[in-house]
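In: prediction below, plus the sequence it came from.
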Amino acid sequence: MAEALSNLLNLAVLVFSVTSMLSVGFSYTLREIVEPLRDLPGVLLALAANFVLVPLLAYGPSSVLAPSWRRCLSWLALLRRAISSAARTLRRER
């Protein structure tokens, strides 16, 4: 029973994630998606933040508070979302 609930929860998280991303993606036109990608320094900064800074920031708290890999990945996802949100806010203020 516990395994079935675990599998159901994993499926629910996957469906929620995919439908949320599709919902956001379909709300933009192709021009609105491609235009920010032309800002090469901004794109490189976002890539560096997501692939270098976020893992480093996630490693510290996760190693102290939650040594399991699942919790480490949860910290990573939370930090990526926070940095993405901050980046969107900074882009709007320009």
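Out: Thanks, I have it. Numbering: from 1, shown residues only.
In: ok, and what's touching stretch 86-94?
Out: With contacts defined as C-beta atoms under 8 Å, 6 or more residues apart in numbering, stretch 86-94 is touched by 36, 42, 46, 49. (C-beta placed from N, C-alpha, C; glycine too.)
In: can you select the buried ones from those in PyMOL?
Out: Selecting only the buried entries of the contacts of stretch 86-94 in PyMOL, with 16 or more other C-beta atoms under 10 Å as the criterion:
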select buried, resi 46+49
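In: for Ala46, what are its contacts?
Out: Neighbouring residues of Ala46 by C-beta under 8 Å, 6+ apart: Ala87.
In: what about it, helix or strand, and which?
Out: Using DSSP states H and E, Ala46 sits in helix 40-48.
In: for that helix, buried residues please.
Out: The neighbour-count check on helix 40-48 (16+ other C-beta under 10 Å) flags Ala46 as buried.
In: and it, average pLDDT?
Out: For helix 40-48, mean pLDDT is 87.
In: distance from that helix to the middle of the chain?
Out: Taking C-alpha atoms, centre = their mean, to the nearest Å, the mean C-alpha location of helix 40-48 is offset from the chain mean by 15 Å.
In: with just CA atoms, put that helix into PDB.
Out: Coordinates of each C-alpha in helix 40-48 appear next as PDB, following Å, rounded to 0.1, in the frame of the first residue of the first chain:
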ATOM      1  CA  LEU A  40      23.900  36.800 -24.400                       C
ATOM      2  CA  PRO A  41      25.400  38.100 -21.200                       C
ATOM      3  CA  GLY A  42      22.100  37.600 -19.400                       C
ATOM      4  CA  VAL A  43      21.800  34.100 -20.800                       C
ATOM      5  CA  LEU A  44      25.300  33.200 -19.700                       C
ATOM      6  CA  LEU A  45      24.700  34.700 -16.300                       C
ATOM      7  CA  ALA A  46      21.500  32.700 -15.900                       C
ATOM      8  CA  LEU A  47      23.300  29.500 -17.000                       C
ATOM      9  CA  ALA A  48      26.100  30.100 -14.600                       C
END
